[in-house]
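Novice: Starting from these lines, generate the structure:
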Amino acid sequence: KMTQMRLLVVGGTGYLGQHLLQSFCDGMTESLLIAFTHHSLPPPPALLNAVPQALPFCVDLRTGRGLEAVSASFSKPDVVINCAAISVPRLCEVDPEAAMSVNVPTSLVKWLSSFGDSNNTLLIHLSTDQ
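Specialist: Below is the predicted model of the structure:
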């Protein structure tokens, strides 16, 4: 049996995340399992319909709440593509603590570090030019 690769798109409901999910799901094979995180509740129905094979997880990057659910249901990802961000400058100015915790996702890095020595997850940070 072929090993299934696990891909987690963090910030899957944002502009960049939605496009990434769509492209991965369009070219999906049985060897790829896809999950994504969202902060909005519920995730947009149009996105869920467009990528029905992707597992959604509600995660708050400010606290890390929800990452344990990813571990429990999806297991350790092989690849994490982080596109989550607070990209509106005004929102960053109004709540710099939230902006820092999302845009510099220490909760995500701590979660990945919790897998210990066996952790060989590839972490990719992507951003638009906002």
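Novice: right, and Ser101 touches Asp60 too?
Specialist: No. If you go by CB atoms under 8 Å, Ser101 and Asp60 don't touch, sitting 9.2 Å apart. All C-beta spots, glycine's among them, are computed from the backbone N, C-alpha and C.
Novice: Give the buried residues for the helix or strand that contains Glu93.
Specialist: Using DSSP states H and E, Glu93 sits in helix 89-94. Neighbour counts over helix 89-94 (16 or more other CB atoms under 10 Å) mark Cys92 as buried.
Novice: before we move on, what about stretch 13-32?
Specialist: Buried positions in stretch 13-32, judged by neighbour count with 16+ other CB under 10 Å: Thr13, Gly14, Leu16, Gly17, Gln18, Leu20, Leu21, Phe24, Cys25, Leu32.
Novice: Let's see which of the residues you listed end up in strands.
Specialist: Here DSSP state E is the test, and the buried residues of stretch 13-32 give Leu32 as lying in strands.
Novice: Many thanks, have a good one.
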